[in-house]
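Visitor: fold the following and give me the result.
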Amino acid sequence: MRAVEFQGYGGPEVLRVVTAEAPEPGPGQVSIDVAWAGVNFADLKARADGYRVPALPYVPGLEVSGRVRALGAGVTDLTAGQEVVALVEGGGYAEVAVAEAVTVFPVPAGLGLRTAAALPTVLPTAYALVHTVGRLQPGETVLVQGAAGGVGTAVGQLARAAGAGAVYGVVSSAAKAVHAKNHGYDEVFVGAFEEPLRETTGGRGADLVLDPVGGDTLRAGLASLAVFGRLVSFGNASGAEPWGVGQSELYPLGVSVSGFSILSLARTAPDALRRLSQRAFATAADGTVTLPVTAEFTLREAAEAHRLMGGRTSTGKLLLRVEH
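Guide: Numbers count the residues shown, from 1 in each chain. Okay, here's the model as predicted:
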């Protein structure tokens with residue numbers, strides 16, 4: 001089979017297409033003939049910094065869609081040839097990938113393999129941020145960093161469907177602001193957001209702040225919370241040192257801080273992830289959420305996909321098309 005791997009850390013140029021043996025599923029696993037693979041910021045961090053890379057060489061890729069190739073021992077609820085989507089530990093940038101059966105799902109009704117490939121990481125994360133961890137209530141205000149990315153695009157729609165009083169986004173360019181406004185956002189701030197948010201909310205701030213950036217941006221989000229507000233951290237795109245909060249930040253307004261990582265949940269509580277994903281996928285099947293695929297590349301063009309995402313100009317979801 002063909003796969004995209006890197007043998008050392010660096011820029012997009014370290015990605016190489018290689019020929020390798022197709023992996024076989026172990027007990028409780030399935031192998032998948034990959035049709036589409038999602039591109040995520042975590043893939044860029046793996047390539048550049050070794051984020052969650054167990055050993056080199058490494059094939060990145062955390063989500064795929066395709067058809068079941070083979071079943072490992074003990075797997076009874078899937079069949080060979082079935083169209084599925086899957087969250088994988090890595091190895092998605094390949095013609096064949098292996099996944100734990102608990103993180104493999106039939107393609108939701110009404111969706112094709114291309115659209116379904118955008119689901120496994122983005123939609124459960126967005127659903128958890130709005131409902132499970134963020135616990136958004138009708139009438140509350142939401143502030144979302146990275147509003148034009150894959151997760152941000154889904155969060156805007158989910159928050160609107162949940163009855164949010166106002167949905168505010170933060171992006172890095174005017175073009176991204178246009179994209180976000182087309183996907184559920186009332187107002188989108190470009191760059192600095194603390195003062196504009198306070199002005200827009202009459203000094204109140206946001207009930208729920210969702211932050212994938214970390215560092216100074218997280219601190220600014222924390223300072224932008226309303227009384228009894230909640231902040232959910234779901235990434236550290238800034239690469240800043242691990243953050244911490246204490247009494248001086250939490251006590252004055254009774255705010256709280258929590259975190260979410262779909263990759264960590266897949267390891268520590270796979271059954272909870274499965275239930276979460278099933279609820280999230282239902283919102284795509286019933287049309288509550290649409291996830292626009294804004295660019296697609298072949299396996300040989302994986303480096304170009306990384307350059308586009310790394311340049312902070314992309315919106316929506318990027319996919320790799322796997323041509324067997």
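Visitor: longest strand of the chain?
Guide: Counting by DSSP state E, the longest strand found in the chain is strand 29-39.
Visitor: report all helices and strands that that strand contacts.
Guide: strand 63-71, strand 83-87, strand 96-100, helix 113-116, helix 302-310, strand 317-321 (3 or more Cβ pairs under 8 Å, 6 or more residues apart in numbering; DSSP states H and E). In short, each C-beta sits where N, CA and C put it, glycine included.
Visitor: Three-state assignment for Glu249, please.
Guide: helix (DSSP: H, G, I helix; E, B strand; the rest coil).
Visitor: can you pull out the helices in the stretch 151-300 of the chain?
Guide: Secondary structure of the stretch 151-300 of the chain by DSSP state H, counting those that start in this stretch: the helices cover 174-181, 194-200, 215-223, 247-250, 262-268, 270-285.
Visitor: of those helices, which is nearest Ala20?
Guide: Ala20 lies closest, by Cβ to Cβ, to one member of the helices of the stretch 151-300 of the chain: helix 262-268, at 23.2 Å.
Visitor: tabulate the CA atom coordinates of the longest strand of the chain in CSV.
Guide: This file holds the C-alpha atoms of strand 29-39, laid out as CSV (Å, rounded to 0.1, in the frame of the first residue of the first chain):
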residue,chain,number,x,y,z
GLN,A,29,-9.8,-3.9,15.7
VAL,A,30,-10.8,-3.5,12.0
SER,A,31,-8.7,-2.6,9.0
ILE,A,32,-10.2,-0.1,6.5
ASP,A,33,-9.6,0.6,2.9
VAL,A,34,-9.3,4.4,3.2
ALA,A,35,-11.2,6.6,0.8
TRP,A,36,-10.7,9.9,2.5
ALA,A,37,-8.5,11.1,5.4
GLY,A,38,-9.1,14.2,7.4
VAL,A,39,-6.3,16.8,8.0
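Visitor: give me the sheet partners of it and which way each runs.
Guide: Using DSSP bridges, strand 29-39 pairs in its sheet with strand 63-71 (antiparallel), strand 96-100 (antiparallel), strand 317-321 (antiparallel).
Visitor: what residues does stretch 285-292 touch?
Guide: With Cβ atoms under 8 Å, 6 or more residues apart in numbering as the test, stretch 285-292 has contacts from 108-111, 115, 118-119, 122-123, 126, 150, 153-154, 157-158, 161, 183, 283-284, 315-317.
Visitor: make that stretch 126-143, sorry
Guide: 151, 154-155, 158-159, 162-170, 193, 197, 201, 204-210, 221, 224, 226, 230, 232, 234, 258-260, 262, 276, 279-280, 283, 289.
Visitor: let's go with 6 Å and repeat that
Guide: Residues outside stretch 126-143 that contact it (Cβ atoms under 6 Å, 6 or more residues apart in numbering) are 151, 154-155, 158-159, 162-168, 206-210, 232, 258, 260, 276, 280.
Visitor: just stretch 19-26 next, same as before
Guide: Contacts of stretch 19-26 (Cβ under 6 Å, 6+ apart): 1, 3, 31, 70, 72, 96, 98.
Visitor: output the contacting helices and strands for the helix or strand harbouring the second one.
Guide: Spelled out, it's Ala3. Following DSSP states H and E, one finds Ala3 within strand 2-5. Counting contacts by 3 or more Cβ pairs under 6 Å, 6 or more residues apart in numbering; DSSP states H and E, strand 2-5 packs against strand 16-19.
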